[in-house]
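A.B. asks: I need the structure of the sequence given here:
(chains A, B and C)
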Amino acid sequence: MIDYLNGLNERQKEAVTTIDGALMIVAGAGSGKTKVLTTRIAHLMAKGVDAFNILALTFTNKAAKEMKERVEHILGNHEARNLYIGTFHSVFARILRSEATKIGYPSNFTIYDTDDAKSVIKTVINEMNLDDKHYKPSTVYNRISSAKNALVNAEEYKTDWHIQQEDMRSNRPAIAQIYDSYAKRCFKNGAMDFDDLLIKFYELLKTVPESLSKYQRRFKYIMIDEYQDTNPAQYEIIKLLGAMHENVCVVGDDAQSIYSFRGATIENILQFQKDYDNVHLVKLEQNYRSTKNILNVANEVIANNKGQIEKTLFTDNGDGEKIRLVRTMTDNDEGKFVADTIQEQKLRNHYRNKDFAILYRTNAQSRAFEESLRRMSIPYIIYGGISFYQRKEIKDFIAYLRLIVNPKDEEALKRVINYPARGIGKTTIDKCVLYANEQNISMWEVLTKAQQFGFKAGTLEAIDQFVTMIRSFASMFQKNNAYEVAVHVGKQTNLVKELFNDKSTEGLQRYENIQELLNSIKEWVDDTANRQQIDDDGVMIDEQDPFAASDPAQKELSFDAPASPQQTTSNAVTLGAYLQQITLLTDADAKDPDADNVKLMTIHAAKGLEFECVFAAGLEEQLFPNALSINTREELEEERRLFYVVITRAKKKLWISYANTRYKFGQIVQNEPSRFLDELPEDFIDKSYAGGGSRNQGSSFGSGSAFDRLKGGFGNKSNDYDDVAKAEKRYGAPPKTASSKPSFSITPARPQTIEHKPDTDFVASDTSNLQEGQRVEHQKFGFGEVVKMEGSAHNPIATVKFELNGEKKIMLNYAKLRIVS
DNA sequence: CGTTACCAGATTTTT
DNA sequence: TCTGGTAACG
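C.D. replies: I've put the predicted structure just below:
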C-alpha cells in the first residue's frame, strides 16, 4: 500500500484522518479536493472499514469512476469495487431497482428522460383540454421539477398558498392539476423521471421502516462531493440515511454553487451545521492549480458577491502570465482568434491540443469555434448538446428494448408502434390512448385486446402483427441475451436495413450510430457476464439480485409467453439495468478526457475540471450574465460564481474574450461587454487585444491591427485542401453557412406542372392489378407509363413516367388513374 | 394513411 | 439557423 498521507498538507491530512462524526470540508477551487476524498476513502478502508459500508455520492459518473480507480491504486487491491460510488441519481436508481415494489412500482420501472417527461406532460395537458401554447410543456416541466426537488408533492402543491399565488400570477392555475395527472400517468406507465429517483427513494425511506434501517445500517460512512449543489430532496435523504451513524462528510465550495436552477441551495451548507452535533470544519485554502495572477483575478471577482463563507485562497505557484482580455468584432472573429491562438501556442510553447479548453455560457456558442477549429484542422470535441443516447434513431431503437422490459411504458410504445411505418397512424394511436384511459388499463393492453374495441379490419391486422412481433421479442429474450435480442429486433423491424439503404450523409451517420449502439450493448452484455462470475463467487451484493425475493408486481409485467420465469426476470432485469444506466449517462461520461483534442463545453460542464489554457468566451451583457439571470441579486451572484468557476479552471493561461456582435437565430445582435469585465483587477490583465479599455472603444481584433499582427506569423499554414478534407472526414462537413454559399442562389426551378385537361368523361380505372409497362392517364399530369410498382398490398405505389411532367410517385389508394392500355 | 412543404418559435445552465 | 408541428396533397 502506498503511504497515502505523504504529500498531503496539514489541512488535507486533518480532513482525511477525521473519520467519525460529521465533517464539513470547505474546499476552494484547485485545493486538492478529489485527492482528499479518495485518500479519505482509502484511509477508512485501511482502518478496517468494509467497502460495502461506504457510500460516496459524486456529481458525475465520471468522477465516481475516477475515484474508484484512485482508491484502488492507493490500496493496491480490488476492494474498491465494492464501494457504493456514483451520482445521487444512479445510486438511488440502483437501490430502487430492488426496492421499487415496496412503494408500488415494478422492479423494471423505466426512467424517463427530460424528453419523455415533457412528452407525457404534453399528453396530459392536451387531455385536459388546455392550450399547450400557454401551458408550455417545458415550462410546466420545470415548475414540477422544482416542486419535486423541494419535496413538494402534487397534493402539497395544490394546497400551498404561496405556490398557488405564483401560478395565479402567471395565469397558469392548472399546473397543480397537471402535476397530479402527470404523476399518476408516470406511475401507471411504471416510470420515474429524474426527480422521482430522488423523491421516490425518499418516500421509500420514509414509509418503509425495514428499508430505512437496512440502508442506515449499511451506509456507516457517507461522503458527498459538490455539496453546494445539492437540493433539499437530496439533503433530506442524506439526513435520513446518516441518522444512525452520523458519519457524514460533505465537501463543497459555496463560491462554486452554480446549479440553483436545478433546485440546489447553499442553505444546505448552513443547515448542515445546525442539523449535526459538533460539526468538524476543515478549510482547504491552498490552491495547487493556478498561477498567482489567475488566482488573484478570481478572488477579486468573487469578492463582489456578499455573504460567503470566509476563506482566502492562496498559492505557492508562480505569478505566470497576465490574463488576456480580447475583444473582437463578431462571434466568428472570436472563433478565429481562439483557433489562431491555439495554433500559435502549440507551435511556440509545445502545448498539446488537450491542453486547451474553450468554455462558454450557452451551448449555442460552440458553432463559431467549431468552424474555425475545423478550418485550422485542430482536432476538437464538444461536450454537451445532445448525447449519443438522445439521438432520434438511438432513442427509437432503444424504445423497442424499453417496451420488451416494461410493456406499460407508453412513451416507448408510442415511439415504435409506427416506426417504421406499419399502417398504425395517429388516429389509431389516439383511439388506443383514449380506450386505455377509459378502461384504466395500459395502452399495450388495449393493443392486445384490440378486437374488443372495433378497429377496422386492416388496422386490426396491423395491430395484431405488431403485438405478435413484440411478444416474439419478449419470448426470445428468455433464451437469448440482450445483444442477440437487439440484433434480432433490428432485423425483424427492418430498421437496420432501412437505415442501411439510406445513402445520404445523415443516413450513413445514423446507420453507424445504430451499429455503435449494438456494439455498446454487446460490450455491456459481456461485461455483465464477467461480473456475474464474480458475483457467483459470493461477492454479489443483494441489490443486483432483486428477484431473490418474490415479487407480486412481476406478473403483470411479464408477457403471456410461457416458461422459465427465472430466466425471463433475470434477463429482463439486466436489460432494465442497462436501460437505466444509459438514461443516466451524460455526454461527458462517454468521452475520453485524455484524448488529444481541444475541449469545448459550457462552464457548467467544466466544473471540477482543469486545463493548462482556458478561453472564457462570450463575456457580453445578455449572454454572460445571461439576460434571463439578472433579475435578482441571487441570480446575478450565481452568474458571477459561474465567472469565478471559468477563471479557476485555468492552470497556466487564461484568455477572456467578447465580441461586439454575434448571430442569434441568424440575426445579428449587438451586445455590450459584460459588466463582469469591470470587476477584473487592472494589474493582472493584459488589455492589448481589447482596444485599450474593457468597454467599447478604440481598435479591436477583427477590425484590423491586432488580428493582422497575430495572423502575420502563422496564419493560413495548414489550410490546404488535404487537411480540410481530413478534418471533414473526421468531423463531418462543416455546417453550411451564409459565407460558404455562392452569392447567387441557384434555386432549382420548381418543376411546374404542365396542365393537362382530361376528357369530361374521365373515369378512374380499377388499379388493383396495375402492372409495370401499362399506359395510364392522370387527371392533372396527363399520359404516362408505369415504370415501377412498389409499396405494400395495403398501400401500393406506382411510379409513373409522364410525358409532360416526368416521374411521379402515385399512391393508388388515393390518386385517380385511367388505364389506357 | 403517409409524405412533404411550409411556417412558427426557440436558446440558459443538467442529472 | 434549426427544429418541430401542421396542412395539403397524393
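A.B. asks: and the residue in the stretch 651-800 of chain A positioned nearest to DNA strand C, what pLDDT?
C.D. replies: Residue nearest to DNA strand C within the stretch 651-800 of chain A: A:G666 (3.4 Å; CB to the nearest atom of the strand). The way it works is simple: take the backbone N, C-alpha and C, and place the C-beta from them, glycine included. You'll see A:G666 listed with a pLDDT of 82.
A.B. asks: tell me the contacts of it?
C.D. replies: Shown in contact with A:G666 (CB atoms under 8 Å, 6 or more residues apart in numbering): no residues.
A.B. asks: next one: it from A:E637, what distance?
C.D. replies: 33 Å (CB to CB, to the nearest Å).
A.B. asks: with A:R169 instead?
C.D. replies: From A:R169 to A:E637 the distance is 24 Å (CB to CB).
A.B. asks: more neighbours: those two, which one.
C.D. replies: A:E637 (20 against 9; other CB atoms under 10 Å).
A.B. asks: surely the more buried one and A:N305 touch.
C.D. replies: Yes: under the criterion of CB atoms under 8 Å, A:E637 makes contact with A:N305 at 4.7 Å.
A.B. asks: next, the contact list for A:L817, please.
C.D. replies: A:A764, A:S765, A:T767, A:L770, A:V776, A:E777, A:H778, A:A798, A:V800, A:I810.
A.B. asks: and which of those residues is nearest to A:A364?
C.D. replies: In terms of CB to CB, no member of the contacts of A:L817 lies closer to A:A364 than A:I810, at 43.0 Å.
A.B. asks: that closest one and A:A798 touch, don't they?
C.D. replies: Yes: using CB under 8 Å, A:I810 is in contact with A:A798, at 4.9 Å.
A.B. asks: rewinding a little: if I look at the residue of the stretch 651-800 of chain A closest to DNA strand C, how far off is A:I222?
C.D. replies: 50 Å.
A.B. asks: so for stretch A:494-504, what gets flagged as buried?
C.D. replies: For stretch A:494-504, the buried set under the neighbour-count rule, 16 or more other CB atoms under 10 Å, comprises A:L495, A:V496, A:E498, A:L499.
A.B. asks: A:N6: what secondary structure?
C.D. replies: Per DSSP: H, G, I helix; E, B strand; the rest coil, the local secondary structure of A:N6 is coil.
A.B. asks: and it, its phi and psi?
C.D. replies: Main-chain torsions, A:N6, degrees, to the nearest 10: phi -60, psi 140.
A.B. asks: contacting residues around the residue sitting nearest the centre point of chain A?
C.D. replies: Centroid-nearest residue in chain A, with CA atoms, centre = their mean: A:T586, separated by 4.9 Å. Residues near A:T586 by CB under 8 Å, 6+ apart: A:T60, A:N61, A:S387.
A.B. asks: check what pLDDT the second one gets.
C.D. replies: Spelled out, it's A:N61. Among the per-residue scores, A:N61 holds a pLDDT of 86.
A.B. asks: what sits against the residue lying closest to it once chain neighbours are set aside?
C.D. replies: Nearest residue to A:N61, sequence neighbours excluded (CB to CB, 6 or more residues apart in numbering): A:D589, at 4.5 Å. Counting by CB under 8 Å, 6+ apart, A:D589 makes contact with A:T60, A:N61, A:K62.
A.B. asks: where's A:D589, which helix or strand?
C.D. replies: helix A:587-590 (DSSP states H and E).
A.B. asks: pLDDT averaged over whatever helix or strand A:E155 lives in - what is it?
C.D. replies: Using DSSP H and E, A:E155 falls within helix A:154-159. For helix A:154-159, mean pLDDT is 94.
A.B. asks: tell me the buried residues in it?
C.D. replies: Of the residues in helix A:154-159, A:A154, A:Y157 count as buried by neighbour count, 16+ other CB under 10 Å.
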